[in-house]
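Enquirer: I'd like to go over a predicted model; first the sequence, then the structure.
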Amino acid sequence: MLGLIVNPVAGIGGPAGLAGSDGADVQARASQRGGASRAAERALTALAVVASARPGIRVLTVAGPMGEDVVREAGLEPVLVAHPPVHTTGSDTSAAARALADAGASLVLFAGGDGTARDVAEGLASVGRVAPDEGGRVSRPVHGEGLDTLAGARYSTGGVAGGLDMTLRAYSTDGVAAIGIPAGVKMYSPVFAVSPRAAGGIAAAWLVDGSLPLIEREVLDVDEAALRRARVEPQLYGTLAVPYRPGRTQARKAATPADEFAAVRAAARGAASALRPGVRYLLGPGGTMSELARELGVSKTPLGVDVVLDGRRVLADASERELLDEAARGPAQAVVTVIGGQGFLLGRGNQQLSARVLGALGDDPLLVVAPEQKLIDLGGRPLLVDTGDADVDAALAGFVRVITGQRTTSIYPVHAPEHEGEGHAP
Amino acid sequence: MSLPVAPKPALRRFHQASWDEPIIFELSTPGERGVLVTGLEAGVRDAVGDVVGDLPAGLRRAVPPALPEMGQMRVLKHYLRLSQENLGADFNVDIGQGTCTMKYAPKVNDQLVGTPALTAMHPLQDPADAQGVLEIVWNTERMIAEISGMDEVSLHTQGGSAAIWSNIAMIRAYHEANGEGEQRREVITTIFSHPSNAAAAKAAGYDVITLYPDADGYPDLDALKRALSPRTAAIMVTNPEDTGIYNPAIKEWVDAAHGVGALASYDQANANGILGITRARDAGFDVCHFNLHKTFGTPHGCGGPGAGANGVSAALAPFLPGPRVVREGGADGSASSARFVVREPGEQSIGAVAPFFGVVPNIVRAYAWMMALGADGLRAVAEIAVLNNNYLLKKVLEIPGASAPYATGRRRIEQVRYSWQELFEETGVTSEEIGVRASDFGMHYWTSHHPYVVPQPFTLEPTESYSMAELDEYAAVLAEIAREAREDAETVRTAPHRQTVHHTHHDDLDDPERWAITWRAYQRKYFGIPADSTEAAA
Ligand SMILES: Cc1ncc(COP(=O)(O)O)c(C=O)c1O
C-alpha cells in the first residue's frame, strides 16, 4: 500500500529568503514574512497522477494537513495511522513514517525537503528497512536517462549543484521504500523525484506494476544556521531505498553506460591497486571509501576516518590526535573522495583530516578517488579544500589527479575558496 | 480557376509504417521453396565427382542448417515490410545523429561501386589485373596526405575506432623502437574527445589521464601541462571536440607534448568543418586519422561499411598498418611506367588490423566524392557545414529550455552538444524521451556518448547537405516537443505514438544473461530451447 506524509511547513522559508524551514522560530519568521508552504499543493499534484492510474484507492496517511486533507482532495480514501498535534515537528514525521510502515505501507511518498527526508529515514530506520541484498543484481544507473530521481543538489533551490557520494547496494524489493515529492528549500539528498508529477508517476507505477527496482540513496542535510551564514556543510544522516523506473531508450550509439555502482567499484579498484605496502592510508568517509575498504577486505566506519596498513585496518574512527600519531609512525597518505554536493575534498564531513594532519603527511598528502560522474556532476566547478590553514590549502590548490577507475585518472582543478575570498554560498 | 490546396502543415503528419511482421524464422512453412533447382545431370556429376565428400570432415554439416523455408514472394514482402519500418538516412533530416556527419552520400557513387568493374574484383586478384582499382586507392591516399599535410597514409583500417587503435599502436611501436616503451606508460586525452581515444589507449595497455575544460569551456592547457611528464606516451585529442568547440591553442598543446618527448595524435573523424582550412601536420601532429565514411561522403556505420585513413609524419611511416597499395616506378614522371602493387606490412609495421588493404567500395566512393568537388569544393563543404551549424545553433537557442553549455556565446565548428537541462528541471522530461518523441515526427535524434558530461544532452550536426528549410523543420520539431514537455509531458514521456519501434529496455541490452542478438540466443535465453548442437552458440 501507498503511504503519504506531507510536511505542512516544508519550503516555507524559501520564498522568505531563509535558507530553510527547520525550527519553530524560523517557521514563525517565515510566516511573518509572508512565507507559505507549497507542500500540500505539490503533494496534490503527485497524488493526481496516482488517482488517474488507480482511482479511489486507499492511502495510508496522517490526520489533517500532514496528509489526510490532500488525500481527500485528490479523491482518494485516507486510512489514518497517526493523529499529530496542531503544530507539528520533525518528530511527528518520524513517528508517522514508523506508523505507516507498521500499518503495511510498502512505499512512503513524502512531500518536503532534506529535513523531511531525514525524519522519514529516521522513522523507517527504526522499523528496519529493506535489507541490502549483497548477492543480488546491481541496480540500474542513477544518472541514466530513465531515472526519475535527481541528484538532489542539482535540483536544490539554493542553486548549488553537486555530485553526491552515494553508497550503492542492490536491494531486494520487499520492505519499505520511500520517495520524496520535492517541496522543500534544501534538497541536497538524491531521494526526490525530479518533479511532483514524476513522484506521482513512480508511485503509480509502484502500485500498478507491484514494485520497482530500488537503489539506496543518501539522505543529506546541511546545518541551516550555517547555511544562512553562507557556509555549506552537508552531512550524511542515513539512507533511503528509492524506487526508480528502469531506463529505456530507442537509439544508442554509445556503449553501455557503466552503472553507478559499477563506476564506484571501478574507482575503488583503481585506488586499491594504487596502494603501496608499508604506507598508512587514512581512509576518509563516504560510500566510495567504504567500497575501497570492501575491495581491501577490511571494514570501514561509514562516517569516520579509518587507518589501513598493508591490507589491515589498524585504527577505526580515528580522531585528529590519533591520526597525527599514525602519521608519525611512518609514511602515510590521506585517501578521500568528493564529499557532499559541493565538491569538497577536505574540510566538510572529514575535519579529522585537519591542516595539522595534512601537514604531517609530507609532500604528497592526498589520494583522491571518485567515479568520473562525480566530477561531471560538479558542472565545471572546481573541487574545494578548506582545512582552515591558508598554507596547507594553498599547497593543495591547483590541480589534483583523481583516480576514477583502474588505470584511469582525471586531472581536475582544486580551489581553496576560504582563502580566495571566493564565496560558494547559494 | 485553381483548385483549393490545403497548405502543408509546418510539422509533418508523419506516421511510420507498422506491419507487425514476424521474424523470418516464424514464417517458415516446411517444404515451401523459392527456387526449385534442377537435379544434377549425370554428365556433370561424373565430371566433378563427390564435391561435398572432398570437404574436410570438420567443415561438413551433420544436419542441414535450420533455414526458413519460404516462397520468393513471401521473402520479398517480408523484407520490403521491414524496410518500411525504418527511419533511414534517405528518409529523414538526419542531423540529430551528431558526431556521425550524416551528409548526403551521392547515389551515383553507389552506382559506381555497384558496377561489375568493381563487384567482380577480389582483393587477392593479381595486381596486374587490378591496376585501375589500385591506382584509385593510391590516389585517394595521396589526396588524404594533402588534406592532412601528413607524409604517408594507410587506408588499411575498416573504421574510425580501428584507425584510432592503429594510431596508438603506432605510437607504442615508435616508443618501443626508441627504447622508451617501458618509460612512457600514460596517454592524455580530454573529456570531450571522442571516447574511442581513451578506449584505444587503455586497450593498448596505457594508463589514461582525462582533462576537463577550463573555465571558458576550452580544453585546459594548464591541466595538460600538469599532466605531461616523461611518462607521457601521447596526447590523443579530437579537435573540434564533440562539443563542436575548436581548441584555439592546439599548436601549444602539441608543442607541450613534444616538449616532454610525447607524440600527438589527432582524431579527425569529424573533419567536416575544417577540410581545406586547417591541417593536422601544420599544427605539428605526428599521427591522425579520418573516417572516410563520414567526412568523405560514404555511408556511415549501420548505414554502410566504414573505412579509416591513418596519416603520419615521415618518422612514423614505418609503423603504418598494412598491407598497403604502393606505386613502383614512374619516377621518370611518366605515369605509364608506374605500377601499383600491394605491399605486405614491413618489419616495423603494426601489421594488419583487418584483412586486405582497405574497404575498396568506400575508398572508391570517397575518391569519387573528392574528385567531384575538387580542392575548392572541399573547402566549400567545410564552410557551408560551419554556416549551417551556426544557423541551427541560433535557432535551437531560441527554444526555451535549450542551451549550449561551455564556451557560451561563442560560435561552434560543425556540431554542437546542446542541453535540455533547463527543460528537464522544469518538466522532468529527459533528453532520451525527447529523442523518442522526435521519431514521431520522422526525425532521428541522438543524445551523447556516455558519460553524459553535458546534462540532458543532444548533439546536432547539420553538415553541408541540409537546406535551410530542412534545418528550420528540424528546429520546429524540437520547439514543438519542448512545448509538449511543458503542456503535455505525458505525451512525450509515453512516446513513441506514431512509430513501429516501441521502447527498448536498457536492462535487456546491458545484461549478458538477457541480451539476445540472434534468434537462437533469444530462443535459448527466453524459452530454454537449447542451441542446435550443430550450430555455434550465439
Ligand atoms: C570524433 C570521432 N572519433 C571516432 C569515431 C569512431 O568512428 P567509428 O564509428 O568508425 O568507429 C567517431 C564516430 O562516432 C567520432 O565521432
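Expert: Perfect, thanks for sending it.

Enquirer: how far away is the closest residue to chain A within the stretch 401-538 of chain B from B:Phe458?
Expert: Closest approach of the stretch 401-538 of chain B to chain A (CB to the nearest CB) occurs at B:Glu432, with a separation of 3.5 Å. Glycine gets a C-beta too; all of them are placed from N, C-alpha and C. B:Glu432 sits 9 Å away from B:Phe458 when distances are taken as CB to CB, to the nearest Å.

Enquirer: show me the common contact partners of the two, please.
Expert: When contacts are counted by CB atoms under 8 Å, 6 or more residues apart in numbering or on different chains, the set common to B:Glu432 and B:Phe458 consists of B:Thr447.

Enquirer: and the single nearest residue of the stretch 351-500 of chain B relative to the ligand, what element?
Expert: As assessed by CB to the nearest ligand atom, the ligand sits closest to B:His449 within the stretch 351-500 of chain B, at 8.2 Å. B:His449 is part of no helix or strand, with elements assigned from DSSP states H and E.

Enquirer: where are the low-confidence patches of the chain?
Expert: Since you didn't name a chain, this refers to chain A. Flagging of chain A using pLDDT under 70 yields the residue ranges A:13-22, A:26, A:29-35, A:128-175, A:194, A:223-234, A:245-260, A:340-342, A:418-426.

Enquirer: switch to chain B, that's the one I care about
Expert: B:1, B:301-304, B:330-335, B:504-507, B:510, B:531-538.

Enquirer: would you map the strands across it?
Expert: For chain B, the strands defined by DSSP state E cover B:152-154, B:186-190, B:207-211, B:232-238, B:263-267, B:287-291, B:308-312, B:324-328, B:339-343, B:416-419, B:457-460, B:504-505.

Enquirer: strand partners (parallel or antiparallel) of the second one?
Expert: Okay, so that is strand B:186-190. strand B:207-211 (parallel), strand B:232-238 (parallel) (DSSP bridges).

Enquirer: hmm, who's touching the longest one?
Expert: The list of residues contacting strand B:232-238 from outside it, by CB under 8 Å, 6+ apart, reads B:164, B:167-168, B:171-172, B:175, B:184-190, B:192-194, B:197-198, B:200-201, B:206, B:219, B:224, B:228, B:247, B:250, B:253-254, B:257, B:260-270.

Enquirer: now, of those residues, which are buried?
Expert: With burial judged by 16 or more other CB atoms under 10 Å in any protein chain shown, the buried subset of the contacts of strand B:232-238 is B:164, B:167-168, B:171-172, B:175, B:184, B:186-190, B:192-194, B:197-198, B:200-201, B:206, B:219, B:224, B:228, B:247, B:250, B:253-254, B:257, B:261-270.

Enquirer: can you flag which of those residues belong to helices?
Expert: Mapping the buried ones among the contacts of strand B:232-238 onto helices (DSSP state H) picks out B:164, B:167-168, B:171-172, B:175, B:197-198, B:200-201, B:224, B:250, B:253-254, B:257.

Enquirer: how long is stretch A:70-79 end to end?
Expert: End-to-end distance for stretch A:70-79, by CA to CA, to the nearest Å: 12 Å.

Enquirer: give me the neighbour count for the residue of chain B found nearest the ligand.
Expert: Taking CB to the nearest ligand atom, the ligand has its nearest neighbour within chain B at B:Gly160, 2.2 Å off. For B:Gly160, the neighbour count with other CB atoms under 10 Å in any protein chain shown is 26.

Enquirer: would you confirm that it contacts B:Asn197?
Expert: No. If you go by CB atoms under 8 Å, B:Gly160 and B:Asn197 don't touch, sitting 10.3 Å apart.

Enquirer: how long is stretch B:25-34 end to end?
Expert: End residues of stretch B:25-34 are separated by 15 Å (CA to CA).

Enquirer: what does that stretch rub up against?
Expert: With CB under 8 Å, 6+ apart, stretch B:25-34 has contacts from B:Ala66, B:Leu67, B:Pro68, B:Glu69, B:Met70, B:Gly71, B:Gln72, B:Arg74, B:Val75, B:His78, B:Trp519.

Enquirer: what's the farthest-apart pair in the residues you listed?
Expert: B:Gln72 and B:Trp519 (21.2 Å; CB to CB).

Enquirer: of these two, which one has the most company?
Expert: Using other CB under 10 Å as the criterion, B:Gln72 and B:Trp519 rank with B:Trp519 on top: 15 against 10.

Enquirer: how close does the more buried one sit to B:Gly276?
Expert: From B:Trp519 to B:Gly276 the distance is 48 Å (CB to CB).

Enquirer: and for B:Glu21?
Expert: 46 Å.

Enquirer: how about B:Leu373?
Expert: Distance from B:Leu373 to B:Gly276, by CB to CB: 10 Å.

Enquirer: list residues touching both of the two?
Expert: B:Val381.

Enquirer: ranges for the helices of the stretch 101-250 of chain A?
Expert: Secondary structure of the stretch 101-250 of chain A by DSSP state H, counting those that start in this stretch: the helices cover A:114-127, A:152-155, A:196-209, A:224-228.

Enquirer: out of those helices, which is closest to A:Leu292?
Expert: Between those, helix A:152-155 lies closest to A:Leu292; by CB to CB that is 23.1 Å.

Enquirer: show me which helix runs longest in chain B.
Expert: The residue-count maximum for a helix in chain B (DSSP H) belongs to helix B:360-397.

Enquirer: how much does it deviate in direction from strand B:287-291?
Expert: 90 degrees (axes from the mean of the first three to the mean of the last three CA atoms, to 10 degrees).

Enquirer: I'd like the strands of chain B as CSV, with distance to A:Thr89 appended.
Expert: Formatted as CSV, those follow (distance: least, CB to CB, whole Å):
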stretch, distance to A:Thr89
strand B:152-154, 73
strand B:186-190, 51
strand B:207-211, 47
strand B:232-238, 56
strand B:263-267, 59
strand B:287-291, 63
strand B:308-312, 66
strand B:324-328, 78
strand B:339-343, 83
strand B:416-419, 40
strand B:457-460, 43
strand B:504-505, 43
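
Enquirer: show me the one of those strands that comes nearest A:Gly330.
Expert: strand B:207-211 (26.9 Å).

Enquirer: hmm, who's touching the closest one?
Expert: Against strand B:207-211 from outside (CB under 8 Å, 6+ apart): A:372, A:401, A:404, A:407-411, B:185-191, B:198, B:201-202, B:219-220, B:223-224, B:227.

Enquirer: tell me the domain ranges of chain A?
Expert: A:2-133+A:170-246, A:257-416 (automatic domain parsing).

Enquirer: B:Asp282 touches B:Gly149, doesn't it?
Expert: Yes. Using CB under 8 Å, B:Asp282 is in contact with B:Gly149, at 5.2 Å.

Enquirer: looking at these two, which one has more neighbours?
Expert: B:Gly149 (17 against 10).

Enquirer: and the residue most central in space within chain A, what are its bridge partners?
Expert: The centre of chain A sits closest to A:Glu218, judged by CA atoms, centre = their mean, with a distance of 3.1 Å. Taking DSSP bridges as the rule, A:Glu218 bridges to A:Thr239.

Enquirer: thanks a lot, catch you later.
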